[in-house]
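Student: Starting from these lines, generate the structure:
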Amino acid sequence: MNVMSKCCPVRPTTGDDRDGGRARTRRILSVAMLVGVGVGTCLVPVPLVAQPGPGLTILLTNDDGFEAPGITVVRDALIAAGHRVTIVAPLDDRSGSAMSVTTSGTIDYYRQEEGVWAIDGTPADAVTLALVHVMRSGPPDLVVSGADFGHNVGANLLGSGTVGAALTAARAGVPAIALSVAVDSGERSHPTPFSSTTDALAPAAAFLVEVVRQLAETGGAGLLPPRAVLNVNYPAVGADPPAGVRFATVSSQRAFRQLYSVAGDTGPARVETVAADADRAEEGSDVALLASDLVTISVLVGNWDAGQAAWEPLRARLVIER
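Tutor: This next block holds a predicted model:
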């Protein structure tokens with residue numbers, strides 16, 4: 001979920017390009033070869049040239065829009081690595097939509113070019129429509145959501161369309177990775193706003209390619225455990241190497257918070273998103289580690305079930321089963 005800055009994809013033109021149909025971990029990844037696991041190590045980029053081998057069939061989506069720079073960079077990197085990539089993503093910016101879906105009416109979808117579809121709906125709509133229609137004859141081995149322009153860590157995950165798309169895929173039984181690149185709120189007023197994020201998109205895409213490679217080589221029967229989602233956040237370090245890579249818990253704290261200004265009992269409320277204080281985040285959490293310029297990898301549970309260990313204490317207190 002990019003809460004600081006978004007690109008603004010344009011709506012597609014009507015004509016031949018518009019589709020006629022309508023229907024509105026194996027341990028910590030040994031990525032030392034890519035980014036290193038210590039301060040001062042050098043980034044060794046994955047070469048963006050076509051690689052041999054069958055590759056994976058990948059559905060690529062996001063919440064920034066199908067023409068956003070993050071999704072374009074990731075598509076190019078995955079294709080260069082030998083994967084078969086289909087973009088099915090929102091027509092425009094749908095940040096903050098979480099896992100919301102269209103429940104009635106129609107969803108317009110447009111074929112932009114070979115392998116690229118724009119959906120006039122939410123990220124979750126895009127994933128669902130891709131699985132049941134666009135990619136029905138060749139289902140994806142993996143869903144990648146991103147790269148999002150703005151980090152998705154801590155309590156902000158609840159509203160993220162980027163993460164919501166990945167969770168939608170996981171609930172449908174498809175392995176999924178959400179990739180986000182952090183923003184530095186201090187760069188908001190720079191002559192080139194958030195340049196550190198823009199410059200980090202390509203290294204983040206290269207990192208994703210390496211993660212996918214290792215998962216494919218070590219996964220055996222499955223790329224990820226059932227219903228699991230990898231939530232990957234890359235720091236806003238520009239073209240410089242990150243400080244390392246860590247698996248991280250999900251913080252209970254927010255990376256961003258909303259400020260509401262109201263004029264009276266009725267009328268518009270002005271909403272502004274500002275950075276929260278990362279110092280309050282738990283040690284070892286995604287919020288804290290990302291603030292230290294580390295790439296963070298968190299494992300999310302796609303079915304949301306806390307399991308028997310969580311409900312047994314309540315079962316003892318609530319004597320209501322029959």
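
Student: need the strands for the stretch 1-150 of the chain, in chain order.
Tutor: Under the criterion DSSP state E, counting those that start in this stretch, strands of the stretch 1-150 of the chain are mapped to 57-61, 84-90, 109-113, 116-119, 142-149.

Student: and those as JSON lines, adding distance to Ile320?
Tutor: Where C-beta positions appear, they are placed from N, C-alpha and C, glycine not excepted. JSON lines is the format used below for those (distance: least, CB to CB, whole Å):
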{"stretch": "strand 57-61", "distance to Ile320": "42"}
{"stretch": "strand 84-90", "distance to Ile320": "43"}
{"stretch": "strand 109-113", "distance to Ile320": "46"}
{"stretch": "strand 116-119", "distance to Ile320": "43"}
{"stretch": "strand 142-149", "distance to Ile320": "39"}
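
Student: Point out the most buried one among these.
Tutor: strand 142-149 (a mean of 30; mean count of other CB atoms under 10 Å).

Student: and after that strand, which helix or strand comes next?
Tutor: Next helix or strand after strand 142-149 toward the C-terminus (DSSP states H and E): helix 161-171.

Student: same for that next one, what does it pack against?
Tutor: In terms of contacts (3 or more CB pairs under 8 Å, 6 or more residues apart in numbering; DSSP states H and E), helix 161-171 is packed against helix 123-129, strand 142-149, strand 176-181, strand 228-234, strand 294-301.

Student: can you put these in TSV and add mean pLDDT and distance to Val73?
Tutor: What follows is the helices and strands packed on helix 161-171, written out as TSV (pLDDT from 0 to 100; distance: least, CB to CB, whole Å):
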stretch	mean pLDDT	distance to Val73
helix 123-129	96	18
strand 142-149	96	7
strand 176-181	98	10
strand 228-234	96	12
strand 294-301	95	16
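
Student: I'd like to know which of the strands of the stretch 1-150 of the chain is closest to Glu282.
Tutor: Glu282 lies closest, by CB to CB, to one member of the strands of the stretch 1-150 of the chain: strand 142-149, at 22.8 Å.

Student: Name every strand pairing with the closest one and say which way it goes.
Tutor: strand 57-61 (parallel), strand 176-181 (parallel) (DSSP bridges).
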